[in-house]
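Q: this is a predicted model, with the sequence first.
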Amino acid sequence: MFTRKSLVRVVALAAGLATAAACTATPPTSSGVATSSGGTAAAGSAGSGGAALVVQGDNGNPALVRNFNPYLVANNLRGNFLLYEPLEVVSPIDGTYSPALATGNTRPSSSEVDFTLRTGVKWSDGTGFSAADVTFTFDLLKKYPALDAKGVWTNISSVKATGDKVSITLKAANVPFMDVIAQTPIVSKSIWEKVADPTKYNDPNPVGTGPYVLDAFTPSQYTMKKNPTYWQAAKVAANEVKFPMGTTNDALSITDGKFDWAYSFLPQVEQTFVAPDKAHRTYWFPPGGTITLYLNLSKKPYSNVDFRKGISESLDRTQIAKKAVNGYLDAASSSGLILPNLEKWLDPSLANRGIVTQDNAAATASFTKAGFKMQGGQLVDASGKQAAMTIMVPNGFTDWQQAAQEVQQELAKAGIKVTIDNPQYAQYTSATQSGSFDAAFGGYGGTGNPYTDFNNALNSKLTAKIGTATTNNFQRFSDPAADSALAGLAAATDEAGQKTATDALQQIMFNQVPAVLMYYGGSWGLFTSKDYTGWPSKADPYTLPTPYNNSLWTVLTHIKAA
């Protein structure tokens, strides 16, 4: 599981520590007998797709679990994103909003947001959708905290409805948190108020407002059919979507063209995937997060900013990326922004767009400032002891392992002795979260929201004493200036204020090196256009090609029949 197949785990890692799987964005597993009728699909401008659309599916352990509860995130299936819709969908690329059950929102202040609900929406059982469903959903998460995986009620103080408007008030100014609120999946009050214990409810026969309904389910595959009463049915091209369970033979199935949409790292993708059918096969590997070398800032010499700069300046990020991801992606900007996704926020004063290139002379100068010097090919401190570090890379993350070996070689040339430790993932997570490490590979960013990316890495409130677990800022960075800039960004409702705060945070990332950002991890989208066209691409980057989150909803309401 932990191979090059996934970077959005990088994003999960940005929101948590190391849930980032390998160099990509590792998809969180999502996991709903066919009691819902697909009916006759409505025709529309998207065309009528006669062929079933096949999406590389969920992992089973050992079989698929029929769980469509949108809040039991550890087990539910990715097809869930086609059943239950949020108020709005937020782009994982640049944070822009797309209306769903709400037609839009207004923000009276930095602690308030009002959503205007869409009229004429029906649940798949034929009942009407209303504001009562929205308020019920948020009350449900409050009543059962185990369902509130995103911590909605850690920030909300009240949810009220008046007509077709739902008003949500936060406990404090937090404009970026409105992304989380907007993307909370909404469930039917009439269905869920009858559930005795929703924390144990697998929702096997889901009733949603989304573009599809469950048609058939087996332990190895489930099928969805187009929802004939969907509010934007004319934009849904495929009448049927199939999700076969992922297997160890997925790579062969991908190269054989058995999926319309797959998500996997493939070496030499032009030869292995595109060449057999150049007329119909495409791929897009955009950055979905940043693979990062985290240093334990509670330890010397990593607590010294000049030592951290020396490490950063010693690295050839382009070469590291070639070793890890075959050069599909390149060096990351040390601004803390995923580029080009968040290009509009880039501080123009940062040289080379914030990309640090290898500079051995600069590294030597930085190490000298930190109290180290080269002696007999070794970088030693004032006592003559060689600088040494152990880099943790979880076992099975083969691309991270290859990157770590390149880092080891490059730092060896700088005189630093580097040992690579490959613990099992559980041990790696425990050690990094508790602060029991020197250095560790991990994922940074990729949420599409600069505040969330910066906050997870820099907010001092997220730190913890060594030995106490924390899932964010586990390198334990603390700076009042960073906290002040984060607070300013959280409260800013205008773009000018947001830009000022974002620039300040980029300067902190670049100059203080709270984490050594190395190269971008990819989102590995592979597409076949024989039956359906309009997949996300570099020319049309309307969302990331990640079929395990709301991008699934975005893509399947965008593509057209060939």
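A: Great, that's in hand. Residues are numbered from 1 along each chain as shown.

Q: in the stretch 301-450 of the chain, what residue spans correspond to helices?
A: Using DSSP state H, counting those that start in this stretch, the helices of the stretch 301-450 of the chain run over 305-314, 317-325, 360-369, 398-413, 425-434, 450-458.

Q: what about the closest residue to residue 493 other than its chain neighbours, distance to residue 457?
A: In space, and not counting its chain neighbours, residue 493 is closest to residue 110: 5.3 Å by CB to CB, 6 or more residues apart in numbering. From N, CA and C alone the C-beta is placed, and that goes for glycine too. For residue 110, the distance to residue 457 (CB to CB, to the nearest Å) stands at 22 Å.

Q: just residue 130 next, same as before
A: Applying CB to CB, the value for residue 130 to residue 457 is 40 Å.

Q: of those two, who's got more company?
A: Neighbour comparison, residue 130 and residue 457: the larger count goes to residue 457, with 26 against 16 (by other CB atoms under 10 Å).

Q: I'd say that one and residue 514 touch.
A: Yes. Applying CB atoms under 8 Å, one finds residue 457 in contact with residue 514, separated by 6.3 Å.

Q: shared neighbours of those two, anything?
A: 475, 477 (CB atoms under 8 Å, 6 or more residues apart in numbering).

Q: how about the helices in the stretch 451-562 of the chain?
A: 480-491, 495-512, 551-556.

Q: packing partners of the shortest one?
A: Packed against helix 551-556, as judged by 3 or more CB pairs under 8 Å, 6 or more residues apart in numbering; DSSP states H and E, are no other helices or strands.

Q: what mean pLDDT would you report for that helix?
A: Taken as a whole, helix 551-556 has a mean pLDDT of 98.

Q: list the buried residues for that helix?
A: 551-556 (16 or more other CB atoms under 10 Å).

Q: just the second one next, same as before
A: Along helix 495-512, the positions that meet the burial threshold by neighbour count (16+ other CB under 10 Å) are 498-499, 501-510, 512.

Q: element containing residue 160?
A: strand 156-162 (DSSP states H and E).

Q: continuing past that strand, what's the next helix or strand?
A: Next along the chain from strand 156-162, counting by DSSP H and E, comes strand 165-170.

Q: which other residues reach the very next helix or strand once past that following strand?
A: Per DSSP H and E, the first helix or strand lying C-terminal to strand 165-170 is helix 178-182. When contacts are defined by CB under 8 Å, 6+ apart, helix 178-182 is touched by residues 86-90, 95, 97, 102, 105, 107, 113, 115, 150-152, 155-156, 168, 447, 449, 452.

Q: 6 Å instead, please
A: With contacts defined as CB atoms under 6 Å, 6 or more residues apart in numbering, helix 178-182 is touched by 87-88, 90, 113, 150, 168, 449.

Q: which of those ranks first by neighbour count?
A: In these, the most neighbours by other CB under 10 Å go to residue 87, 28 neighbours.

Q: show me what contacts it?
A: Counting by CB under 6 Å, 6+ apart, the residues that residue 87 touches are 101-102, 115, 182.

Q: same thing but 8 Å
A: Taking CB under 8 Å, 6+ apart as the contact definition, residue 87 lies against 100-102, 105, 115, 117, 134, 166, 181-184, 186.

Q: with neighbour count and pLDDT as added columns, please give those residues in a markdown table.
A: A markdown table is the format used below for the contacts of residue 87 (neighbours: other CB atoms under 10 Å; pLDDT from 0 to 100):
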| residue | neighbour count | pLDDT |
| --- | --- | --- |
| 100 | 25 | 98 |
| 101 | 23 | 98 |
| 102 | 22 | 98 |
| 105 | 19 | 97 |
| 115 | 25 | 98 |
| 117 | 20 | 98 |
| 134 | 23 | 98 |
| 166 | 24 | 98 |
| 181 | 23 | 97 |
| 182 | 22 | 97 |
| 183 | 18 | 97 |
| 184 | 20 | 97 |
| 186 | 24 | 98 |
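
Q: hang on, the earlier thing: looking at the helices of the stretch 451-562 of the chain, which is closest to residue 229?
A: Residue 229 lies closest to helix 551-556 among the helices of the stretch 451-562 of the chain, at 16.5 Å (CB to CB).

Q: okay, the contacts of helix 178-182 in CSV with distance to residue 533 and pLDDT next?
A: Shown next, in CSV, are those (distance: CB to CB, whole Å; pLDDT from 0 to 100):
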residue, distance to residue 533, pLDDT
87, 29, 98
88, 26, 98
90, 25, 95
113, 36, 97
150, 34, 90
168, 38, 98
449, 30, 92
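
Q: which pair of those spans the longest distance?
A: 168 and 449 (17.5 Å).

Q: okay, residue 19: pLDDT?
A: 30.

Q: make that residue 2, sorry
A: 31.

Q: one more: the one 4 residues further on?
A: Note for residue 6: predicted pLDDT of 37.

Q: also residue 72?
A: 89.

Q: same check on residue 30?
A: So residue 30 comes in at 25 (pLDDT).

Q: before we move on, back to that, want to throw the buried residues of helix 495-512 into JSON lines with pLDDT and distance to residue 323?
A: Below are the buried residues of helix 495-512 laid out as JSON lines (pLDDT from 0 to 100; distance: CB to CB, whole Å):
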{"residue": "498", "pLDDT": "95", "distance to residue 323": "37"}
{"residue": "499", "pLDDT": "97", "distance to residue 323": "36"}
{"residue": "501", "pLDDT": "97", "distance to residue 323": "36"}
{"residue": "502", "pLDDT": "97", "distance to residue 323": "32"}
{"residue": "503", "pLDDT": "98", "distance to residue 323": "33"}
{"residue": "504", "pLDDT": "98", "distance to residue 323": "34"}
{"residue": "505", "pLDDT": "98", "distance to residue 323": "30"}
{"residue": "506", "pLDDT": "98", "distance to residue 323": "27"}
{"residue": "507", "pLDDT": "98", "distance to residue 323": "30"}
{"residue": "508", "pLDDT": "98", "distance to residue 323": "29"}
{"residue": "509", "pLDDT": "98", "distance to residue 323": "24"}
{"residue": "510", "pLDDT": "98", "distance to residue 323": "24"}
{"residue": "512", "pLDDT": "98", "distance to residue 323": "27"}
